[in-house]
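Peer 1: I'd like to go over a predicted model; first the sequence, then the structure.
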Protein chains: 2
Amino acid sequence: MKKVSPLAPKEGFPTLPVIDGAEFASAQAGVRYKGRADVMMVRLCPGTRIAGVFTRSSTRAAPVLDCQAKIGGQTSEAAAILVNSGNANAFTGKSGIDAVERVTASVAETLDLPASRVFTSSTGVIGEVLPHDRITAKLEELCGSLDATGIAGAAQAIMTTDTYPKGASATVETANGPISIAGIAKGSGMIAPDMATMLVYIFTDADIDQETLQAMLAELTDRTFNRITVDSDTSTSDTLLLAATATGPKPDDMAAFRAALQGVMLDLAHQVVRDGEGATKFVEVRVTGATTEEDAEKVARSIANSPLVKTAIAGEDPNWGRIVMAVGKSGAAADRDRLSIRFGQILVAENGWVSPSYSEAEAAAYMKGQDLVIHTDLGLGDQEATVWTCDLTHDYIAINADYRS
Amino acid sequence: MKKVSPLAPKEGFPTLPVIDGAEFASAQAGVRYKGRADVMMVRLCPGTRIAGVFTRSSTRAAPVLDCQAKIGGQTSEAAAILVNSGNANAFTGKSGIDAVERVTASVAETLDLPASRVFTSSTGVIGEVLPHDRITAKLEELCGSLDATGIAGAAQAIMTTDTYPKGASATVETANGPISIAGIAKGSGMIAPDMATMLVYIFTDADIDQETLQAMLAELTDRTFNRITVDSDTSTSDTLLLAATATGPKPDDMAAFRAALQGVMLDLAHQVVRDGEGATKFVEVRVTGATTEEDAEKVARSIANSPLVKTAIAGEDPNWGRIVMAVGKSGAAADRDRLSIRFGQILVAENGWVSPSYSEAEAAAYMKGQDLVIHTDLGLGDQEATVWTCDLTHDYIAINADYRS
């Protein structure tokens, strides 16, 4: 039994709203794991629009390439999502493409819908042939157990090195009734190609056209999932799908829908960081006072990815010198003498030097907390960005140095 | 007593040639450390040309800014280099500039040369005022013990978290007699602002003008010191000075001199990696078959900086999937199906898949070695680049998480 991350939500997996037009099933296919569900299926009603965002890796896995090609296609027929854990079907050459074709064709036949409407993801070890027959052998069973309330089981089935399943939801009121949003995610590195790819599936009954949905998803991803980092590594399989079944109303206030969707995406993104390999601290890295948002993001990312900053946090050491270093190496416009740094509300450094009011003992006490905010103001402009990360601990080394050996 | 890195040169500190026109001294000033030398002085004869390369950090320390301003100035007078360890005089605001002015003025007075010819570096903790009077109190003693053979003591005095002093040399034959090159370095992270800045000082009696020297140093730095990485972090104090006393001959074969200088620089650069914090493996990351050298370097750096690759190496795990991941995230042009990966001579992957000849047992045996080569061929062009790094171990976390607390 894996030890659950100390940063996991205390309340456990949330109760997610039923999304009319979406049904879920999960099963034990034994792709790699024994004694646990490792495949999940989602059936989506005719008319469902599907938007998607994928890893930018140039060594993308076969299922990712297949999904990308299908985004923006026709929406009149039903659709399906099929995901397996335990094997990523990545860097598997021609056999990888074959496996995707076999699985999508079988799902299409079982659910009586076109293969162009079947989206698949695979997550787990890479470089090993996907035993696709173990998955196709379970399709009838999955089909028979599809259920509108099955989303929690689906969240369990897609886990790999995750220590807890991840879910989030929101409701948006409209003049024609409420719109629901429910999402699940997996991931616990950012992201190990072996076992910790990030996969996210979000469902809503909102009636929104595919182009609008796609544009909104891409934009919000840049401010949520693209603003988290565990170890600066990028998976070959990262996949985010958003399915709108259109069984509910059109949003009459698009800004409200957008905010609700962003809330669900940020919640799931934070849960991924909170399950970061070996993490003991959740850290918000906030950068303000930049000339451009790009510069603010560069500095935030430089701080959040610095091994020296992350090990200092693990050691509960208010080592602000390392923040100065990370600002300096970021490549963004910065002026040492206009910089200010805060740990939570504690002013640490300003005017190119440690603050006269700074107390190391006070800062050290702050660093003992589990949720930390590191705020750097560059003092140059009014643009800002926030990145979320975790600390770098002995357990990260243990998990990743000792995993296969 | 610090444990010496397992990757340290077996033969210990080398015997370095005397450079006519350069004299060295070191002393115990007690800046921070007790019972060891922590300042070193070099006196350089009139006519010495000095080239320099410095950190690109936007939060550079006061001595770095002072050195940069002095490069390319007059060469008729004698010159001096003064370095202290234990305090970096970085992020110390106005007091930092004052300290540099006090030290350079005192050195100039003691050695009877202009302050514009005094170059200083400081390495150690940041954000603390440099106790410059402890340094200036030792200048007479340093001046009195200047000796052409004192370079080994100087290499000791500049150490911080280093586990061994670093030196390298070369001799270049010319029709008018030999030219000697001798260099020393310190550094054991790449680079921690607290205690592991990289400082390098190279001396030669060659008669070369300052502009030529400066251009050669900058170009060679890009292929030596800028091609090593321990943890992807960059110091606020990195300094490399090359002093040519011109007491020896002009090189009659500039390419031969250039090659000899590059050899000394690469040797020192490798010694810095071999003293990487917590390092147990020295890794050459070679990338060939790229469309451009920039792409080759991007891929090599992406592999060498990946925490997942570095932890796998620490675990002696031939986890080639992580190499594929690092290629994919690098941003360089790459085609999954044309990629080949070798651990030493062992062909691991090719044609988008694991090689048919690959034996995991053979690769695992290779990974138990101390000096490893990871060779990725992108199969796209004829450009290449090599980056040197070390593994990421529990000791790196221990050193950096527990250092100040």
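Peer 2: The structure has been received and is ready for your questions.
Peer 1: contacts only, for residue A:138.
Peer 2: Shown in contact with residue A:138 (CB atoms under 8 Å, 6 or more residues apart in numbering or on different chains): A:27, A:28, A:29, A:39. Heads up, the C-betas are built off the backbone N, CA and C, glycines and all.
Peer 1: out of those residues, which sit inside helices?
Peer 2: Among those, none falls in helices (DSSP state H).
Peer 1: these in strands, which ones?
Peer 2: Counting by DSSP state E, the contacts of residue A:138 place A:27, A:39 in strands.
Peer 1: hey, which helix is longest across chain A?
Peer 2: From DSSP H, the single longest helix across chain A is helix A:254-274.
Peer 1: is there proximity between that helix and chain B?
Peer 2: No. Judged by CB under 8 Å from any CB of the partner chain, helix A:254-274 makes no contact with chain B; its nearest approach is 15.3 Å.
Peer 1: does residue A:185 touch residue A:272 like I think?
Peer 2: Yes. Taking contacts as CB atoms under 8 Å, residue A:185 lies within contact range of residue A:272: 6.0 Å.
Peer 1: what segments of the stretch 201-350 of chain A are strands?
Peer 2: Applying DSSP state E, counting those that start in this stretch to the stretch 201-350 of chain A gives strands spanning A:228-229, A:239-244, A:282-290, A:340-343, A:346-350.
Peer 1: quick one on the thing from earlier: could I get the average pLDDT for the longest helix of chain A?
Peer 2: Averaging pLDDT along helix A:254-274 yields 95.
Peer 1: so, low pLDDT: which residues of the stretch 101-250 of chain A?
Peer 2: Applying pLDDT under 70 to the stretch 101-250 of chain A flags the ranges A:189-196, A:231-234.
Peer 1: how about the contacts of residue A:138 in CSV, adding neighbour count?
Peer 2: Output for the contacts of residue A:138, formatted as CSV (neighbours: other CB atoms under 10 Å in any protein chain shown):
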residue, neighbour count
A:27, 21
A:28, 16
A:29, 25
A:39, 27
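Peer 1: not counting sequence-adjacent ones, nearest residue to residue A:14?
Peer 2: residue A:167 (5.2 Å; CB to CB, 6 or more residues apart in numbering or on different chains).
Peer 1: okay, now the one you found: neighbour count?
Peer 2: Around residue A:167 there are 23 other residues, counting by other CB atoms under 10 Å in any protein chain shown.
Peer 1: looking at it, it is touching residue A:186, isn't it?
Peer 2: No. Residue A:167 is beyond contact range of residue A:186, at 10.7 Å (criterion: CB under 8 Å).
Peer 1: what's the overlap in contacts for the two?
Peer 2: Residues touching both residue A:167 and residue A:186 (CB under 8 Å, 6+ apart) are residue A:155.
Peer 1: quick check: residues of the stretch 201-350 of chain A near chain B?
Peer 2: Neighbours of chain B within the stretch 201-350 of chain A, by CB under 8 Å from any CB: A:231-236, A:305-308, A:311-312, A:314-317, A:319-322, A:324-330, A:332-337, A:339, A:349.
Peer 1: how about a cut-off of 7 Å?
Peer 2: Residues of the stretch 201-350 of chain A lying close to chain B by CB under 7 Å from any CB of the partner chain are A:231-236, A:306-308, A:311-312, A:314-317, A:319-322, A:324-325, A:327-329, A:334, A:336-337.
Peer 1: so of these, which ones are in helices?
Peer 2: A:307-308, A:311-312, A:314, A:320-322, A:324-325, A:327-329.
Peer 1: from those, pick the one nearest residue A:297.
Peer 2: Within these, the smallest distance to residue A:297 is 13.0 Å, found for residue A:327 (CB to CB).
Peer 1: that closest one against residue A:379, yeah?
Peer 2: No. The criterion here is CB atoms under 7 Å, and residue A:327 misses it with residue A:379 at 11.2 Å.
Peer 1: who touches both of those two?
Peer 2: residue A:339 (CB atoms under 7 Å, 6 or more residues apart in numbering or on different chains).
Peer 1: between the two, which has more neighbouring residues?
Peer 2: residue A:327 (27 against 16).
Peer 1: how close does the more buried one sit to residue B:61?
Peer 2: 14 Å (CB to CB, to the nearest Å).
Peer 1: what comes up buried for stretch A:67-81?
Peer 2: Across stretch A:67-81, burial judged by 16 or more other CB atoms under 10 Å in any protein chain shown covers A:67, A:68, A:70, A:71, A:75, A:77, A:78, A:79, A:80, A:81.
Peer 1: ok, it near chain B or not?
Peer 2: No. Stretch A:67-81 stays clear of chain B (CB under 7 Å from any CB), getting no nearer than 14.3 Å.
Peer 1: identify the residues contacting that stretch?
Peer 2: Applying CB under 7 Å, 6+ apart, the contact partners of stretch A:67-81 are A:41-52, A:54, A:107, A:111, A:113-114, A:116-119, A:201, A:210, A:214, A:239, A:241.
Peer 1: hmm, try it at 8 Å
Peer 2: Contacts with stretch A:67-81, where a contact means CB under 8 Å, 6+ apart, come from A:40-52, A:54, A:107-108, A:111-114, A:116-121, A:201, A:210-211, A:214, A:239, A:241, A:243.
Peer 1: got it, and stretch A:165-179?
Peer 2: Stretch A:165-179 is contacted from outside by A:13-14, A:16-17, A:151-152, A:155-156, A:159, A:180-186, A:204-206, A:248-253, A:256-257, A:260-261, A:263-264, A:267-268, A:271-272, A:275, using CB under 8 Å, 6+ apart.
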